[in-house]
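Asks: predicted model follows, preceded by the sequence.
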Amino acid sequence: MKIFIKNKQKSILSIILVAVIFILNLLPVFALETTRYENVWEKMSQSEKDEWAKFLSGIPKLNGVNPYESEKVASFEDMYNFASFFGCLGQEDYSGKNFQNYRKKVAIDLDDYEYDIRENWYYEKDTILKNVCNLTDEEAYNLADDYGNVFQVYPSIAYKARQEDEILKKHYGLSANYNINSQLKEEDIYRTFLLIYSKKFGSYMLCGPEICAVLCFPIEVLPQEVYRIANGLYYIACIEKEWVMLPDKEYTTTKKTHIIIRRNDLQDDWRMYKYGKGWLTEAEVTACRNRIVPPVDVNIDYGKTKKYENVDEYIAYLDEILKGIDGDVPSDKAIGDITRYAEFTLQNISETEVISKHKKLLITAAMVRESVKKQKKAKKKLDKLLAKYNIIPNKELEAIVRFKVDGTDIKKGIRVEFENGVQDELAEVSGLRIFLDERGHGIYISKEDLQKFMDESSGRYIEIRKEGDKYIIVFLTDKKSQIDKISGGVMFAIPADSEYYSIMAEYKGGKDNWGGQYDTNNKTLEFKTKYSGEYSILEEKINITDIDGLDEKTAQAVRFMVSKGYMTLTDGAFNPNAVLSRNDFTAALVRIFFALDREKKTSFKDVAKDSSYYPYIASAESDGIAKGY
């Protein structure tokens, strides 16, 4: 236990981050994504796979894509690689504004005229060949004869010969003077390259009036995985067989490539947005998707749901929201909001109103069973709706059984009894929440903790009542004898006006400031405990003398940590630049996780038993919060 953190204020922000992650695990919000996109390749029949392979090998539907909607200026390397690999423009690396000044996209037939429907341009072959391509008529027809009845020519940007040399050398190991006119290089003359489609070869190649050093084009494109990343938008991971033809040799090679294309139903064709070497990571695919189809947020009005009485009403409202974004890509925030609404639906559908009698409430196995049954039916409908719009929640939907109690007076107290068998009925949900009154008093216990409470501690009853400014919490066995410390733990919610409020716990063997997590929506302070005892709300008046020099975000974090008792002051000073020991850091984490157990023992040899840090380090070791070295 010898690690020290030199900057205390940085450590505060680290602890805040840990606390936020912990809170997110407690509250019904979304977690990190795992499998985000659907791999449709796995579901395709062999005939469908063969059709995709044929399509990606260069059928005419893929050519003539409009490149004028992109963002960046194409480099020579971009142009050369793209033209070499495939016969289609439209990557996001091509600039519409700048690219259009240098290049005119045409489709011409060297035997007849061809009308390019996509661009609505009509060209006579001689004019185009002479003015745009810088080829004479004789050169153009010789080109057609050499490459097998060429029927489409795409003039591209003219680049300096020296840039061309660098690319040839980098990608094909050719010397700087390989098939390059040295005089042209010295004079810095620009060259015009043509991207042509040959009927003879059935593929695209790169050539020009002065250079035909490298002809490189795919002879077979084999999709390995096809992911639907938005409505009509696909990411394809391919293995590509390529034929490379040099003046003195020919050979084939294979490489990994990727393609992103989108269906254009209006023109019954596809547009390719990205083509390149290698396979992309999920983050890279998402970044490309977001450039092509900007993500959209959703607006969910929970006020509309107040009068809903059945799951179909909740489903219909979500269907209306998703229909509004159909065809667009939901943002990460939208996915989180949709996930949250789905969980909100599950919990509301399962909510059961119960009445307490004589300060007692009985939760039976039958009540829980019926509530779980409602949730399962609702979840099937939610899953079907989300699948319809290809929405994948960012986490498994959390299902919590809820009971709303009427007739409770917290000052008189209430005893909640769990009938034997309740713990088994929670197997398919996350836990059980009880709203004790309209003011915000409540109890939440996870299925794991309820199992421990009833099976390991022989627990059956939970009592809570308010006496003045204190809350008395008592855990009882099935024989109604008090349990000082239970296995697991129970989360309690009590009304509070500020996030700077904290919980002071007094129990057998200890007295500690337990902080608590503030719920701004419900204005409640939530804390988890395994001890019978007295719990009171502390309103900390935060007056720290030495944090005026900190930025407001850090200063607010410091005030929050001090108010919860996670960090302490020395004569009113925080000392933000002081060394923070691992002991202090560990103690703060234990308080945040409500993990303090003064009965735990530690195996660390460098922690004295009479140290004030001993119970915190022992608790951290027991719960896996800290490890030695």
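Replies: Nice, I can see it. Numbering: from 1, shown residues only.
Asks: for this protein, longest helix please?
Replies: The residue-count maximum for a helix in the chain (DSSP state H) belongs to helix 365-388.
Asks: report the buried residues of that one.
Replies: 365, 367-368, 371-372, 374-375, 378-379, 381-382, 385-386 (16 or more other Cβ atoms under 10 Å). No exception for glycine: its C-beta is placed from N, CA and C like everyone else's.
Asks: which element follows it toward the C-terminus?
Replies: The C-terminal neighbour of helix 365-388 among helices and strands, as given by DSSP states H and E, is strand 400-406.
Asks: what comes up buried for that next one?
Replies: Within strand 400-406, the residues that qualify as buried by neighbour count (16+ other Cβ under 10 Å) are 400-403, 405.
Asks: for it, packing partners?
Replies: Contacting strand 400-406 under the criterion 3 or more Cβ pairs under 8 Å, 6 or more residues apart in numbering; DSSP states H and E are the following elements: helix 332-350, strand 352-355, helix 365-388, strand 431-435.
Asks: turn those into JSON lines, including mean pLDDT and distance to Ser487.
Replies: Formatted as JSON lines, the helices and strands packed on strand 400-406 follow (pLDDT from 0 to 100; distance: least, Cβ to Cβ, whole Å):
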{"stretch": "helix 332-350", "mean pLDDT": "91", "distance to Ser487": "26"}
{"stretch": "strand 352-355", "mean pLDDT": "91", "distance to Ser487": "26"}
{"stretch": "helix 365-388", "mean pLDDT": "92", "distance to Ser487": "20"}
{"stretch": "strand 431-435", "mean pLDDT": "94", "distance to Ser487": "16"}
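Asks: those: which one's closest to Val474?
Replies: With distances scored as Cβ to Cβ, the stretch of the helices and strands packed on strand 400-406 nearest to Val474 is strand 431-435 (15.9 Å).
Asks: now the helix or strand following that closest one: buried residues?
Replies: Elements were assigned by DSSP H and E; along the chain past strand 431-435, the next helix or strand is strand 442-446. Residues of strand 442-446 classed as buried under the neighbour-count rule (16+ other Cβ under 10 Å) are 442-446.
Asks: which strands and helices sit next to the next helix or strand after strand 442-446?
Replies: As assigned by DSSP H and E, the chain's next helix or strand after strand 442-446 is helix 447-451. For helix 447-451, the helices and strands in contact under the criterion 3+ Cβ pairs under 8 Å, 6+ apart are helix 422-425, strand 431-435, strand 485-495.
Asks: what sits up against the longest helix of the chain?
Replies: Outside helix 365-388, the residues that touch it by Cβ atoms under 8 Å, 6 or more residues apart in numbering are 311-312, 314-315, 318-319, 322, 338, 342, 345-346, 349-352, 354, 392-393, 397, 399, 401-403, 419-422, 424-426, 428-429, 432.
Asks: quick one: contacts for Thr586?
Replies: When contacts are taken as Cβ under 8 Å, 6+ apart, Thr586 is in contact with 613, 616-617, 620, 625-626.
Asks: need the pLDDT of it.
Replies: Per-residue confidence for Thr586 comes out at a pLDDT of 83.
Asks: secondary structure class for it?
Replies: Thr586 falls in the helix class when you classify it by DSSP: H, G, I helix; E, B strand; the rest coil.
Asks: so where's this structure uncertain?
Replies: Counting by pLDDT under 70, the ranges of the chain that qualify are 1-36, 54-219, 242-251, 264-272, 326-327, 540-541, 564-565, 594, 628-629.
Asks: outline the domain layout of it.
Replies: Residue ranges for each domain of the chain read 41-292, 294-351+364-393, as given by automatic domain parsing.
Asks: about what we covered before: Gly276: which of the helices and strands packed on strand 400-406 is closest?
Replies: Gly276 lies closest, by Cβ to Cβ, to one member of these: helix 332-350, at 24.8 Å.
Asks: hmm, who's touching the closest one?
Replies: Under Cβ under 8 Å, 6+ apart, the answer for helix 332-350 is 28-30, 295-298, 300, 302, 305, 308, 310-311, 314-315, 318, 321-322, 325, 330, 371-372, 374-375, 378-379, 382, 386, 391-395, 397-402, 433.
Asks: list only buried entries from the residues you listed.
Replies: Looking at the contacts of helix 332-350 with 16+ other Cβ under 10 Å, the buried ones turn out to be 28-30, 295, 298, 300, 308, 311, 314-315, 318, 321-322, 325, 330, 371-372, 374-375, 378-379, 382, 386, 391-395, 397-402, 433.
Asks: and the gap between the closest residue to Ile349 other than its chain neighbours and Thr253?
Replies: Excluding its sequence neighbours, the residue lying closest to Ile349 (Cβ to Cβ, 6 or more residues apart in numbering) is Ala378, at 4.5 Å. The gap separating Ala378 from Thr253 is 54 Å, by Cβ to Cβ, to the nearest Å.
Asks: Lys447 too?
Replies: Lys447 is 56 Å from Thr253, by Cβ to Cβ.
Asks: returning to that earlier point: mind putting the helices and strands packed on helix 447-451 into TSV with distance to Pro223?
Replies: Formatted as TSV, the entries for the helices and strands packed on helix 447-451 read as follows, by distance: least, Cβ to Cβ, whole Å:
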stretch	distance to Pro223
helix 422-425	47
strand 431-435	44
strand 485-495	49
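Asks: so for Lys452, which of the ones you listed sits nearest?
Replies: Comparison of these against Lys452 by Cβ to Cβ identifies strand 485-495 as nearest, at 3.6 Å.
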